[in-house]
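[1] please find the sequence and the predicted model below.
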There are 4 protein chains.
Amino acid sequence: MGTIAGKDFIARLNRLDIEIWFDGNKIEGNISEHPAFKGIIQTISSLYDMQNDPKIKDEMTFSIQDKKESVGLSYLQPKTKQDLKRRRKMIEHWARHTHGMIGRSPDYMNTAIMSYAASAPLLKGRNNCFPENIQSLYERAMKKDLSFTHTFITPQINRSQLNLGFSKDPISAKVIEKNKKGLVIKGARLLATQGGMTDEVLVYTAPRFFFDPDEAFAFSIPSDTKGLKFICRESFVGGDSFFNHPLSSQYEEMDSIVVFDHVLVPWEKVFFYDNVDAATDLKLRSSFYPFAYHQVIIRQIAKTEFILGVAQSMVETINVDEYQHIQDKLSEIIVGLETMKALLEKSENDAELDEFGIMRPSMIPLQVAGTVFPKVYPRFCEIIQLIGASGMVTLPTENDFDSNIAADLEKYLRGESRSAPDRVKLFRLAWDLTMSPFGTRQIQYERYFFGDPVRLSTYLYKNYPKDYPIDIVDKFLKNK
Amino acid sequence: MGTIAGKDFIARLNRLDIEIWFDGNKIEGNISEHPAFKGIIQTISSLYDMQNDPKIKDEMTFSIQDKKESVGLSYLQPKTKQDLKRRRKMIEHWARHTHGMIGRSPDYMNTAIMSYAASAPLLKGRNNCFPENIQSLYERAMKKDLSFTHTFITPQINRSQLNLGFSKDPISAKVIEKNKKGLVIKGARLLATQGGMTDEVLVYTAPRFFFDPDEAFAFSIPSDTKGLKFICRESFVGGDSFFNHPLSSQYEEMDSIVVFDHVLVPWEKVFFYDNVDAATDLKLRSSFYPFAYHQVIIRQIAKTEFILGVAQSMVETINVDEYQHIQDKLSEIIVGLETMKALLEKSENDAELDEFGIMRPSMIPLQVAGTVFPKVYPRFCEIIQLIGASGMVTLPTENDFDSNIAADLEKYLRGESRSAPDRVKLFRLAWDLTMSPFGTRQIQYERYFFGDPVRLSTYLYKNYPKDYPIDIVDKFLKNK
Amino acid sequence: MGTIAGKDFIARLNRLDIEIWFDGNKIEGNISEHPAFKGIIQTISSLYDMQNDPKIKDEMTFSIQDKKESVGLSYLQPKTKQDLKRRRKMIEHWARHTHGMIGRSPDYMNTAIMSYAASAPLLKGRNNCFPENIQSLYERAMKKDLSFTHTFITPQINRSQLNLGFSKDPISAKVIEKNKKGLVIKGARLLATQGGMTDEVLVYTAPRFFFDPDEAFAFSIPSDTKGLKFICRESFVGGDSFFNHPLSSQYEEMDSIVVFDHVLVPWEKVFFYDNVDAATDLKLRSSFYPFAYHQVIIRQIAKTEFILGVAQSMVETINVDEYQHIQDKLSEIIVGLETMKALLEKSENDAELDEFGIMRPSMIPLQVAGTVFPKVYPRFCEIIQLIGASGMVTLPTENDFDSNIAADLEKYLRGESRSAPDRVKLFRLAWDLTMSPFGTRQIQYERYFFGDPVRLSTYLYKNYPKDYPIDIVDKFLKNK
Amino acid sequence: MGTIAGKDFIARLNRLDIEIWFDGNKIEGNISEHPAFKGIIQTISSLYDMQNDPKIKDEMTFSIQDKKESVGLSYLQPKTKQDLKRRRKMIEHWARHTHGMIGRSPDYMNTAIMSYAASAPLLKGRNNCFPENIQSLYERAMKKDLSFTHTFITPQINRSQLNLGFSKDPISAKVIEKNKKGLVIKGARLLATQGGMTDEVLVYTAPRFFFDPDEAFAFSIPSDTKGLKFICRESFVGGDSFFNHPLSSQYEEMDSIVVFDHVLVPWEKVFFYDNVDAATDLKLRSSFYPFAYHQVIIRQIAKTEFILGVAQSMVETINVDEYQHIQDKLSEIIVGLETMKALLEKSENDAELDEFGIMRPSMIPLQVAGTVFPKVYPRFCEIIQLIGASGMVTLPTENDFDSNIAADLEKYLRGESRSAPDRVKLFRLAWDLTMSPFGTRQIQYERYFFGDPVRLSTYLYKNYPKDYPIDIVDKFLKNK
């Protein structure tokens, strides 16, 4: 066993009997053929195939000890800075292949599971904790190249600071019963991206100020576990045509609400329960954040390279690169890109071994990058719109170019350096990137990837070591 | 004759044989029944009906001299400040009815025609100018309550400052022949909003630095004139369901490219041709801009009121009004709204009679408002997204609430002060307003309404009287 | 009695025996001759003279009933919109004369006293309240044309939200004894602008969440009351030379800390004490804010006109008006100016009679203007710096132009349209306006004029009537 | 010979007979005792002493070949990345000692001379070029530890794009005669920081579009060369008291205009003349920019650390760290600091050997940092002001704390965690950093350090390699 082929991933998915609701109907038949899912499943499948591509197999996989099979490099627990660089390369391959558009490419969740397993000893000997179940999930996932999503956001009925969210009939998914077989869960979680399209789903609760012990659990279960329901939002696939909807036709991941209707979680799948401290530690003291940020920043860099390419292609197409305000806008993207790259590199250079022997990337530069990107990404999209101007609206379709009206379009819509179909194709890409439901969902997604931007600033401020700057000011003031 | 009923507007439109291309097909049959057009046509029809609504008929219409029929107040050429206030009221009625979402509500083009006619004497006695044709269009339009669009943007193959745009085979629509019957036009114009859905289309060229005399013309012709083709962009109607797509289902106006394939424009429809100065004067010295800005600012105010309502409703629904950063964001919308209102009022208070006896709103406050709105409107949309957070993505459909999964949704998606369906309906509205193709097109539309924002600043700076401020500084420096 | 001459103001001030500390010394001798105060006292004196200037006396004063003497129009309690316009004209005269640089020009405090007196009936019949003392202060002030400052900010030892500020030995000025003669006050108040340079000082406490009843008082006492001390900050007067320091040499107002060292406040000067509700009502329900904002916004408009003049003069001097980014920056100032003017006008147009028969300007437009200005003013200063570039640093002095090196300077520092001395004079003005201690204190002053900008947004949001926007969204959602 | 002591630097300076004009007078006597210069000269002197401090001598100096004396490490021409790190350490020592406030610390100009010498072969064999003179200056400077300033900005009489600046009687310094002894120069240069306080002055012209060959020269001459005059601006030293003016009393560098009144430049000091291409190449193709940026970015990082310390000290002093908007503001400084640090490190990691065997830091990350800092530095200063609020104005003096009023101040002005004198000292530092003439000049200085920010964006955009991003978009569009 080890890395799987794309078609195996699809076949395994189609075999699962997952309860997915879409536009008022329970999905029947192969999910890989459903219009809302086929594009993204095809794309994920192509990512799995890259692991077996002879040209880059060495950069995408590694071998464990004396085993013959190679496994996905996203499962590698890095012990050296060299390992970290290998992880970067692997993430980069996948991110560039999908232009940074896939938030839940397999490396994201594999990285999460790798890091939780690496830090599982944190839970050793603590109440209601089963670190061995994390380790065994890690091994199983690696061996079978399982796909995952995770879900941890509680429904937001009332976001007031004073609202504790306690209630009798659970809204947020909670343990409502413990029995011989396992935990029984009832309630909901919001927003599992790719929810219903993965082998398993990892469930936990984001730690917070008032933390109900009944929510202090974590486990991973198959997506077709009885009582588990995925309710999709409206699909943002614009259609099958690559010309018309180059991004949404292949990269739209879908988000779903996850409902737990008396779901039984067998003991051997439980990481911990009824332990608020354990929940907090596994999130904040494990290497989850350093590795998750590392993966995400690499993906966002690939995305920014793509955006810069789109912007510059538009500039050349309509020949506006002499305008100072255009140069200024492009340089904003360049500044963002180079800043992200420098911060990523610094996080790797400053990496240190943690208490479990894992080479963790340095957190501060990653946190800074994670604070910067949610601000610059929406601005990049705005810049694309400002370059495109009315061209972002003058958007005929593939069919138009294949009709009697084509000659007119070819004449009146050509660009300085592109034919009309090529120009329209480029501008449709710019539209799909920044103005389509797919594009605007990406903006919201990046904005909130690591949580409310307002809180990200707070965390950065609180985590940041301030002794040195305070000290130099004290010395300055006292020295004279 | 005089104001028409909504159904008459529809009937007249369906009778025209307009060449409209949509997704590679020429539209056949009644345009009012086509999925991409029926919503907006229905909405425009309801605007016409408002003119006949006894409750507000007095505010929507006026009578000319000794005629019995009342005509639309958008045709009123104001002679007093009181007239100006009447115009404001009429515009407000239409804008509020459509929440400021319709850029080409009938009052916009009626206002344009009213103001061109009022300033037509500018063209008197000049070469190739026929001011009487403008006046007769005005009278005909008023009598028949005709509907219009206009188109004046030239194709943007090369936007370099050094590109003069001259070419043999015309890209930008030009006069290629003059004969006994009239002008023959060949080439294209970009972006006629509602192009193909109006009785007539007003065609001219925006004055510019290098102005080809063959483009220096203006005329209005029926939309079904031979050789005239409207090529639509992709439709942004999300579907019929008001629940799912409350705005795009009724307010999506469509934009089209207008192609002139040897279109003959009869002499009696020509305002002028081959006269660069006349073209410039009619645009810059007529009352077109003061009245067009006046209409637009009123519409944008109605839109901002709606946005404030959406934002505040979201805040209450998820109970976040205690957060200082939320208060700050809402106050940004309030500041924008009140600023626009104050500037509008000042333009009316400072109105003056022009050389033709027309009471023109003062231009500077309107220009300031027109500089402010393209900057604040995208920010308003961003604020809506920041309030909505993950709620902007968790968006099930009307069908979901009408299915077996409804009970789950009703439980997990309710808001503090709204049931789940009501909450989702509100958030879907917020999404349609800011993240759907309809919503993002509105952002681009408002951003560029009066042209490139970069140039708007330049115009404002150049038009602004700077003598007084210069003078006080001179006095200050010399006085001592 | 009635309006006084400038020299009377100076003479009266010099007669007072006020305890003012400056740079470690108690000021002895005539304050009007002290280097830190002579410029501003001369300027204030010139304002008093304007009331007697025959050319504008009618616009600066009014007569009460059958009295012969005319009194300052800043004391006029407006009953009509016409009165309000008269107030605007008077304020404008004073503001333009001093280019909006004087925060405590006499009209500011006169307006405060006028408005408190107009609303004094609010205190009628309430515990420990003496509205008649407010009225008698008003009459006395008007008759004698008294000068005032006020002080209400408590020392900021700990600004934590949880800090109640209670303490035994008072920090914030408090009533520590009540006796037959009056109240005894101990403690301090921060930041009396022009503190020590006025006939009287009005003392109260800004209402807040935890409001110590011992601080809930208000009174006005002569500046030379026993135990009252004014401790000045460092002076920002750059020197006597108008060429070198055109603003600070005449407009630097000085700020001081006010210490109450067992100050006895006679009963007849007390407005109220030990009444938290009265303190809150007199601040929030009186017409103080509407009239104070009205005065301030007019002053800020005059200041903005001056800034626009300085900016445009610089642009012409170094001939940079062809640059698009310069045009954009200037248009920012224009937008700010016209926005303020429109909001001011709207506040007057929407004025209404209050319960006491006073014509109050409408508060919302004023509040919006008061939220806008603290944001745009620092930006205006930045724009001046960005226009000036290195010219803001290349600043020789008046003496240089009067020395052997003058010929070199005249050659190398001239501008396109100004001689070197004139150019340097202008750039020194720009420097004094935005980069000198005087200029940067002005930035801080405008930023905090009506309090912490963070809170201004909150107040605006809370005060704003949101029923209509909420209602239109409700109707929109329900209507279908 | 080699590194000198601080006192030697001062003695050598006092021995020079430099023509410096200050406030209309030619400075006579020892410049090191003049109130406007003594602070900075003392500070520079302490920097020279650091080179001889046994604790860090190894990090501040290096030995050449078989010479015994050690010379300043700022003269080291790096051949390896290790050398580059040594340079960074040396620069850091000096920058931290002076808190990043000294733009012309000796390393800046030493670095310039080191890099020009390293690239001097560029001029080999070209017309009117004397690369050997650059090399000999480098050796002389290193041996004697000479101090330098440079001056290259031409007077800005007319900044219009169309103004070529040609004139008969030279405004901008030009060669007006060539004779046996050397070049004769007449005209002026703007803004030599520390002009008149250094052993020599390096003179050249910034390349530009229309480049007069008579200005295409470069040379270095002693500051007391006949005909050379330095005309100072007003001094920004606030006074001697460290308590009152902690920064300006020791860090104010002075800027001066440099006048060339028929200055004879001996041939052996000329680098080149009358060669536009050489001038352009030596600026743009030499390693000047990479090394100058490297030095500047390190200094700016030290400055930012100091600013963060001041901000955080203020936050703790008045106990406001619980406010979300305060946390957000501090995190802005942190983001700026970490971004600069990451970019600096990347420039070193990506360094490459140039054609002359010198290890050049990578330019793009440095250029990005140099684009970022001019934007964030003014914002940092604004943040300091926003934290300080009214505390930035309530600023008594050292004398006040040494007077009879001290007890009052000690009571009413103390902070949560600091005594009143300590609190005031800190807030005075904050004021001197951001609001004093010294502080605002620093803002302007950083804003324009590498030229007009508008142009910096243009350069970055033009220099940036865009092939890869363009390529991935092309592949994306074609692939399907």
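    Cool, the structure landed. Numbers count the residues shown, from 1 in each chain, chains lettered A, B, ... in the order given.
[2] run through who's touching stretch A:339-348.
    Stretch A:339-348 is contacted by residues A:81, A:84-85, A:88, A:290, A:293-294, A:297-298, A:300-301, A:304, A:361-366, A:368-369, A:372-373, D:338-339, D:341-343, D:345-346, D:349, D:365, D:368, D:372 when judged by Cβ atoms under 8 Å, 6 or more residues apart in numbering or on different chains. Placement of C-beta: from N, CA and C, glycine included.
[3] so for that stretch, mean pLDDT?
    What stretch A:339-348 shows for mean pLDDT is 98.
[4] quick one: the strands in the stretch 251-400 of chain A?
    Remark: strands assigned in the stretch 251-400 of chain A by DSSP state E, counting those that start in this stretch are A:255-266, A:270-272, A:352-353, A:359-360.
[5] deepest of the ones you listed, which one?
    Sort the strands of the stretch 251-400 of chain A by mean neighbour count, taking mean count of other Cβ atoms under 10 Å in any protein chain shown, and strand A:270-272 sits at the top with a mean of 24.
[6] pretty sure residue A:383 contacts residue A:332?
    Yes: the pair residue A:383 and residue A:332 passes the contact test of Cβ atoms under 8 Å, sitting 6.5 Å apart.
[7] burial count for residue A:369?
    Residues contacting residue A:369 under the criterion other Cβ atoms under 10 Å in any protein chain shown number 27.
[8] phi, psi of whatever residue of the stretch 251-400 of chain A ends up closest to chain B?
    For the stretch 251-400 of chain A and chain B, the shortest gap (Cβ to the nearest Cβ) falls at residue A:399, measuring 3.0 Å. Phi and psi for residue A:399, reported as degrees, to the nearest 10, are phi -60, psi -40.
[9] which residues touch it?
    B:23, B:24, B:25.
[10] next one: stretch A:321-341 to chain centre, how far?
    26 Å (Cα atoms, centre = their mean, to the nearest Å).
[11] buried set for that stretch?
    A:323-341 (16 or more other Cβ atoms under 10 Å in any protein chain shown).
[12] buried members of the contacts of residue A:399 into PyMOL, please.
    To isolate the buried members of the contacts of residue A:399 in PyMOL, using 16+ other Cβ under 10 Å:
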select buried, chain B and resi 23+24
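[13] ok, the contacts of residue A:399 vs chain C, which is closest?
    Sorting those by distance to chain C puts residue B:23 at the head of the list, at 27.5 Å, by Cβ to the nearest Cβ.
[14] surely that closest one and residue B:254 touch.
    No: in this structure, residue B:23 is not within contact of residue B:254 by Cβ under 8 Å, at 11.9 Å.
[15] so what's in contact with those two at the same time?
    Contact criterion Cβ under 8 Å, 6+ apart; residues shared by residue B:23 and residue B:254: B:232, B:235.
[16] by proximity to chain D, which residue of the stretch 301-450 of chain A wins?
    Closest contact between the stretch 301-450 of chain A and chain D, by Cβ to the nearest Cβ, is at residue A:309 (3.3 Å).
[17] please list all residues in contact with that residue.
    Counting by Cβ under 8 Å, 6+ apart, residue A:309 has contacts D:466, D:468, D:469, D:470, D:471, D:472, D:473.
[18] name the nearest residue to it, ignoring sequence neighbours.
    With Cβ to Cβ, 6 or more residues apart in numbering or on different chains as the criterion, residue A:309 has its nearest non-adjacent residue at 3.3 Å, and that residue is residue D:469.
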